[in-house]
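> would you be able to build a 3D model of this:
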Amino acid sequence: MTPVAVVTGAARGIGAAVCDQLERDGWEVVGIDREPMTRPGALHLDLADATAIATVLGNLPRVDGLVNNAAHQLSKPLLETSAEEWDAMFAVNLRAPFLCIRSVAPQLVAARGAVVNISSVHADATSLSRSAYAASKGGLAAFTRGAALELAPHGVRVNAVAPGAVDTAALRDGLEGLPHAEQSLVERTPLRRVGRAGEIAQAVAFLLDGERSGFMTGQSIVVDGGALARLSTE
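Sure, this is the predicted structure:
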């Protein structure tokens, strides 16, 4: 029987690349986003809505894999960040993965499936004006470990992928108006380039595949071109 994967934040960027890769690998993909999508089987869903998540995901007949990719980014100094902005960040980046896992837990247990959370290098080392985002991704990394321990007795694996700079619309938007920002980013990355969304998708596909990663749970694979390997004082 064809395995089924739910992918949040599927409309573009890493999420769209993950959907494409999984479809090539023979998965049936249920893409979820708050933006309308033409992808077959896609669902329109606001991941800040706990009731909607429970209703929509809870009624899916089968889920073998869940990819919590949807994320909200904010680049703003801590002292200028409002409580509402902080809460919005955590609602999508940390609360939604918890709600999604809880909603499809019965299907995952039945399939002895897998979860992949898309974390970030900001969970381990961050930049100016990224405090809220870094905190949410650090929380997601910790949640990955905790969920892995709790779901392991049920045969469900939970891992994470932590991307570095990836060539997506979000990265382009962040670099817009900053002279030489991309060049500087490339020069500070040991592999001397930014990543491709498809490279993150390959890591996700590996972690969902019980044949290739069946003895891995509670782990985070960093895909960042070597950025975290370099001392910030170098």
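
> helices of the protein, start to end?
Along the chain, counting by DSSP state H, helices occupy 13-24, 50-58, 83-90, 96-111, 131-151, 169-175, 181-187, 197-208, 210-213.

> quick check, Ile101 in contact with Val63.
No: between Ile101 and Val63 there is no contact under CB atoms under 8 Å: 10.3 Å. Using the backbone N, CA and C atoms, a C-beta is placed for each residue, glycine as well.

> can you work out which residues contact both of these two?
Each of Leu108 lies in contact with both Ile101 and Val63 under the rule CB atoms under 8 Å, 6 or more residues apart in numbering.

> low-confidence ranges in this structure?
171-181, 234 (pLDDT under 70).

> of the helices of the chain, which approaches Ala227 most closely?
helix 181-187 (9.2 Å; CB to CB).

> buried residues, the closest one. List them.
Going by neighbour count (16 or more other CB atoms under 10 Å), the buried part of helix 181-187 is Glu182, Leu185.

> who's in contact with that helix?
Ala165, Leu175, Arg192, Arg193, Val194.

> neighbour-wise, which one of those residues leads?
Within the contacts of helix 181-187, neighbour counts (other CB atoms under 10 Å) peak at Ala165, which reaches 20 neighbours.

> wait, what's in contact with that residue?
Per CB under 8 Å, 6+ apart, neighbours of Ala165: Leu171, Leu185, Thr189, Val194, Gly195, Asp224, Gly225, Ala227.

> can you tell me how far it is from Arg230?
For Ala165, the distance to Arg230 (CB to CB, to the nearest Å) stands at 13 Å.

> now the most centrally placed residue in the chain: closest residue in space that isn't a chain neighbour?
Among the residues of the chain, the one closest to the centroid is Ile118, at 2.1 Å (CA atoms, centre = their mean). Nearest non-adjacent residue to Ile118, counting by CB to CB, 6 or more residues apart in numbering: Asn69, 4.4 Å away.

> ok, the one you found - how many residues close by?
Asn69: 27 neighbours (other CB under 10 Å).

> my read: it touches Ile14, true?
Yes: under the criterion of CB under 8 Å, Asn69 makes contact with Ile14 at 5.8 Å.

> ok, back up a step: could the helices of the chain go into a markdown table alongside distance to Ala160?
Formatted as a markdown table, the helices of the chain follow (distance: least, CB to CB, whole Å):
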| stretch | distance to Ala160 |
| --- | --- |
| helix 13-24 | 13 |
| helix 50-58 | 19 |
| helix 83-90 | 17 |
| helix 96-111 | 10 |
| helix 131-151 | 4 |
| helix 169-175 | 18 |
| helix 181-187 | 23 |
| helix 197-208 | 8 |
| helix 210-213 | 12 |
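
> so which of the ones you listed is nearest Ser220?
helix 131-151 (5.8 Å).

> CA atoms of that closest one as CSV?
Output of helix 131-151 as CSV, limited to C-alpha atoms (Å, rounded to 0.1, in the frame of the first residue of the first chain):
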residue,chain,number,x,y,z
SER,A,131,15.8,36.0,19.3
ALA,A,132,12.2,34.9,18.9
TYR,A,133,12.9,32.7,15.9
ALA,A,134,15.9,31.1,17.5
ALA,A,135,14.0,30.4,20.7
SER,A,136,11.1,28.8,18.8
LYS,A,137,13.6,26.6,16.8
GLY,A,138,15.5,25.7,19.9
GLY,A,139,12.3,24.7,21.5
LEU,A,140,11.5,22.5,18.5
ALA,A,141,14.8,20.8,18.7
ALA,A,142,14.1,20.0,22.4
PHE,A,143,10.6,18.9,21.6
THR,A,144,11.9,16.5,19.0
ARG,A,145,14.0,14.7,21.6
GLY,A,146,11.1,14.5,24.1
ALA,A,147,8.6,13.4,21.5
ALA,A,148,11.1,10.7,20.3
LEU,A,149,11.4,9.2,23.7
GLU,A,150,7.6,9.2,24.3
LEU,A,151,6.7,7.7,20.9
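
> that's all I had, so thanks and see you.
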